[in-house]
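Trainee: predicted coordinates and the sequence they were generated for:
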Amino acid sequence: MGNADTKLHFRKAVIQLTTKTQPVEATDDAFWDQFWADTSTNVQDVFALVPAAEIRAVREESPSNLATLCYKAVERLVQGADSGCPSEKERQIVLNCIRLLTRILPYIFEDADWRGFFWSTVPGAGRAGRLSEGGDEDDARPLAESLLLAIADLLFCPDFTTQSHKKSSSEVSEDIRSMDSCEYIWEAGVGFAQSPPLNYIHDLNRTELLKLLLTCFSEAMYLPPSSDRKNLNPWVSFFCSTDNRHALPLFTSLLNVVCAYDPVGYGFPYNHLMFSDHREQLVELAVQILIVTLEHEAGSAASSALKALVTAESSSGVEELEVRGRITDKLTITMLIHDFKSSPLSFQPACPDNLFVNYLSRIHREEDLGFILKGLVRLLNNPLLQTYLPRSTKKIQFHQELLILFWKFCDFNKKFLFFVLKSSDVLDMLVPILFNLNDARADQSRVGLMHIGVFILLLLSGERNFGVRLNKPYTLRVPMDIPVFTGTHADLLIVIFHKIITSGHQRLQPLFECLLTIIVNISPYLKSLSMVAANKLLHMLEAFTTPWFLFSFPQNHHLVFFLLEVFNNIIQYQFDGNFNLVYAIIRKRNVFHQLANLPTDTSSIQKALQRKKKSGMSRSNSTETESMEGSRPAVPAEPGTFKTSLEATPGIDKITEKSQVSVDGTMVAVPHLESPQTTADSQAAAGASDTESNSGRDHEGYHSESEAGRSRLSSVSSSAAWSPNPDWVMSWKSKLPLQTIMRLLQVLVPQVEKICIDKGLTDESEILKFLQHGTLVGLLPVPHPILIRKYQANAGTAMWFRTYMWGVIYLRNVDPPIWYDTDIRLFEIQRI
């Protein structure tokens, strides 16, 4: 009954605020205290009792009252942070203010006239960060800064969000202003050895504070997409600057909480149904805060990663992050910043450095890197866990945020990337990524997940070690809707990529070139493909070389160039051991002969186009076998599922740069030679959909032919304005790299036919045995140089990541629905 009364009082206060036509004085504490002092409403109550329409009404009709409400709520948070919330009543007031601000802030952000309100100065707000009576007007601190500093202080408030270090209740409480928050880190891990006891009340309070912090950062959702790198989020910039004295312990707390989390726990079946797991929601918000705060302009991020490598190696660099079991103190933070700015490789961006990016790029101890990788592997593999009892273990849902976090670690910290690739641990990341790609291929609401998975594999494939690691046998039996095979992790990757191309939905077509680029990058290192994988590669070539497909769109032939490059790499560099692929090439030799003799006259081109039955890949020749036991087919999204729109992804030539592998194994960048676009390509350039984009075309011989543009097959309406002609066909047909394959066929086909006739063979195992011991030494053309296309960040991919990241966060935060029914401008919310 008491709880119902408090809800009633709170609702009456809201009604009073919306109906008052005159401004209420900020000094009228009796009125303002109704919103937080006399209530005990939870966050769901606040969202129900403060309707969106009423917030907007106050914003339009009584703007001074809304401004005062925000100011007073921030003031109470600052007071709570100063006092340390020693009493239960003060903690409840702080929680009520947190919930109210979480509810109101999105409606401040959606109105362009209000967006600068929190960055305006408030009388009496001194630069010390506190709202005080005697502040100097010229030295005032914006309301946003006061709010962010109060949140940071409250996240390390003893007995509210952290374990108190008091030995007994008679001791004086710790002074929150002078205490070293590095001693109150939430979890053991990077740089902190002690694991504080679990306290679900502290976890709940941290969760509410992080929810408010995420809401503060979400101003980015109310701005239209922009590729301007200087357009940084002011909330994130300030929170991750040196003004926040808790930056280092907070970054470490968030990271350790995520990487130490084990959703299975002791492994008792169905324990997640019997006990509430308050840590899971905290972990989910922690990873969301991390990926938002780690958003940084590409130049500074790359610079941070490079400088981290130099300073970590040098003895005069930054001290290690651990000193006697705890994070280093303020002196070391100062040293970090000083060292960062004084590095000879540094350049000074226009904005303050993001300390979260800085700290991430400096993690270099093997045990810390191992802790992070082990934690991410544990969480990403959680949905793949198989048990005899159905649904007996908890399955986490925040795998998309984890993939973004892994991406940022690889992008910002090259030490971490090299650590991942130096052992087979990278395969523990590969399997869940491939699982998600295969599972999401038919679901239009998960297009973003498909992209982030492919982008990660593209980044990894640019490193030689990744291709080498893929030769490890695949022995796991994670149920996937793919043919059963015996082979390596490379076979698994090729089989799943084939599935995506042949049975994914239409909106994945822009990814085809990315998928084939990954296979090209790893192909020089693949020692032995299975027969299943070899047949999949040949099936893709067979489908992509049909005349109607090649003539349907001006960039479709680039897919053929990619596949021919894969075959050439394997034949020239890994012929021994790849007898399955050689046999598949011999069996499908007609495909290569037909491609070499592709007709180029106008009448043949028109006949081929008339034979076109449907757009997309031919599936008729795919020899599908039975899928793995226990697997379920990929299914489309349920009708009514929400999804968010995505920005255009740049073409493969825009997000990669070519490197040539030299004799000693080092990579040498290949200069990018500009040349005029062909008339056909320029005519075909058209407006992009939400997952497609146009890019400049270059022609640098057959290597660049295979990457010159986007694959959009024949589904783009603009292709109606373009039609193939003989000159266009000849322009790329003459560059087809068929010499190596034709030479192989010229040598081996007569030998295989002779063996079959002489011995009367009908069993392919004998032919495979012959090919296994065969050689082409001295018979093939001079090996071409290995070209690797390494991922290269640019403004386009940065914008795509920002849109995707906030779209994921929007859809994941539904309880309470923080941003629902507000005027989001970064992306569109669509119902399938």
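Mentor: Cool, got the structure.
Trainee: what's the helix or strand where Phe47 lies packed up against?
Mentor: Assigned by DSSP states H and E, Phe47 falls within helix 43-49. Helices and strands touching helix 43-49, by 3 or more Cβ pairs under 8 Å, 6 or more residues apart in numbering; DSSP states H and E, are helix 2-19, helix 88-109. (C-beta placed from N, C-alpha, C; glycine too.)
Trainee: residues contacting Asp491?
Mentor: Asp491 makes contacts with Tyr474, Phe485, Leu529, Ser530, Val532, Ala533, as judged by Cβ atoms under 8 Å, 6 or more residues apart in numbering.
Trainee: coming back round to it: mean neighbour count, distance to Lys754 and mean pLDDT added to the helices and strands packed on helix 43-49, as TSV?
Mentor: TSV is the format used below for the helices and strands packed on helix 43-49 (neighbours: other Cβ atoms under 10 Å; distance: least, Cβ to Cβ, whole Å; pLDDT from 0 to 100):
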stretch	mean neighbour count	distance to Lys754	mean pLDDT
helix 2-19	15	90	82
helix 88-109	21	76	95
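Trainee: could you dump those to a markdown table with distance to Glu828?
Mentor: Shown next, in a markdown table, are the helices and strands packed on helix 43-49 (distance: least, Cβ to Cβ, whole Å):
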| stretch | distance to Glu828 |
| --- | --- |
| helix 2-19 | 30 |
| helix 88-109 | 17 |
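Trainee: ok, which stretches of the stretch 701-832 of the chain are strands?
Mentor: Remark: strands assigned in the stretch 701-832 of the chain by DSSP state E, counting those that start in this stretch are 787-791, 829-831.
Trainee: and for the residue nearest to Pro196 when sequence neighbours are not counted, the neighbour number?
Mentor: Once flanking residues are discounted, Pro196 sits nearest to Gln163: 4.8 Å by Cβ to Cβ, 6 or more residues apart in numbering. Gln163 has 15 neighbours, counted by other Cβ atoms under 10 Å.
Trainee: compare the strands of the stretch 701-832 of the chain and give me the one nearest Thr502.
Mentor: strand 787-791 (23.2 Å; Cβ to Cβ).
Trainee: chain center to that closest one: distance?
Mentor: Here strand 787-791 is found 20 Å from its chain centre; the criterion is Cα atoms, centre = their mean, to the nearest Å.
Trainee: re the thing from before, quick one: buried residues of the helix holding Phe47?
Mentor: Val43, Asp45, Val46, Phe47, Leu49 (16 or more other Cβ atoms under 10 Å).
Trainee: quick one: the helices in the stretch 201-350 of the chain?
Mentor: For the stretch 201-350 of the chain, the helices defined by DSSP state H, counting those that start in this stretch cover 234-239, 247-260, 271-274, 278-293, 298-313, 330-342.
Trainee: same check on the stretch 51-200 of the chain?
Mentor: Ranges of helices within the stretch 51-200 of the chain are 52-61, 63-83, 88-109, 143-154, 200-217, based on DSSP H, counting those that start in this stretch.
Trainee: give me whichever of those helices is most buried.
Mentor: Among the helices of the stretch 51-200 of the chain, the stretch with the highest mean neighbour count (mean count of other Cβ atoms under 10 Å) is helix 143-154, at a mean of 24.
Trainee: output the contacting helices and strands for it.
Mentor: Partner elements for helix 143-154 (3+ Cβ pairs under 8 Å, 6+ apart): helix 63-83, strand 121-126, helix 200-217, helix 234-239.
Trainee: run the last query once more with 6 Å
Mentor: Where contact means 3 or more Cβ pairs under 6 Å, 6 or more residues apart in numbering; DSSP states H and E, helix 143-154 is packed against helix 63-83, helix 200-217, helix 234-239.
Trainee: among those helices, which is nearest Thr502?
Mentor: With Cβ to Cβ as the criterion, Thr502 lies closest to helix 200-217 of the helices and strands packed on helix 143-154, at 39.5 Å.
Trainee: and that closest one with helix 247-260, angle?
Mentor: 120 degrees (axes from the mean of the first three to the mean of the last three Cα atoms, to 10 degrees).
Trainee: so what touches helix 200-217?
Mentor: Residues from elsewhere that reach helix 200-217 (Cβ atoms under 6 Å, 6 or more residues apart in numbering): 98, 101-102, 105, 151, 154-155, 160-161, 235-236, 278-279, 281-282, 285, 288-289, 292, 818.
Trainee: run the chain-centre distance for that helix.
Mentor: For helix 200-217, the distance to the chain centre is 23 Å (Cα atoms, centre = their mean).
Trainee: state the mean pLDDT of it.
Mentor: Averaging pLDDT along helix 200-217 gives 97.
Trainee: likewise stretch 486-501?
Mentor: The average pLDDT for stretch 486-501 rounds to 96.
Trainee: and what of stretch 47-55?
Mentor: 93.
Trainee: mind listing residues that contact it?
Mentor: Under the contact criterion Cβ under 6 Å, 6+ apart, stretch 47-55 has outside partners Phe10, Arg11, Val14, Thr18, Arg103, Tyr107, Pro816, Asp821.
Trainee: in CSV: the residues you listed, plus distance to Trp728.
Mentor: CSV is the format used below for these (distance: Cβ to Cβ, whole Å):
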residue, distance to Trp728
Phe10, 70
Arg11, 70
Val14, 67
Thr18, 66
Arg103, 59
Tyr107, 54
Pro816, 56
Asp821, 50
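Trainee: where do the helices sit along the stretch 351-500 of the chain?
Mentor: 355-362, 366-381, 399-412, 414-421, 425-440, 447-461, 464-469, 489-503.
Trainee: can you tell me which of those is most buried?
Mentor: helix 355-362 (a mean of 26).
Trainee: and the angle from that one to helix 399-412?
Mentor: 70 degrees.
Trainee: helix 355-362 versus helix 366-381: what angle between them?
Mentor: 110 degrees.
Trainee: same for helix 355-362, what does it pack against?
Mentor: helix 247-260, helix 298-313, helix 399-412.
Trainee: mean pLDDT for these: which is lowest?
Mentor: Among the helices and strands packed on helix 355-362, helix 298-313 scores lowest, at a mean of 43.
Trainee: and Val454, how far from Val447?
Mentor: 11 Å (Cβ to Cβ, to the nearest Å).
Trainee: Asp353: neighbour count?
Mentor: Neighbours around Asp353, by other Cβ under 10 Å: 22.
Trainee: all set now, cheers.
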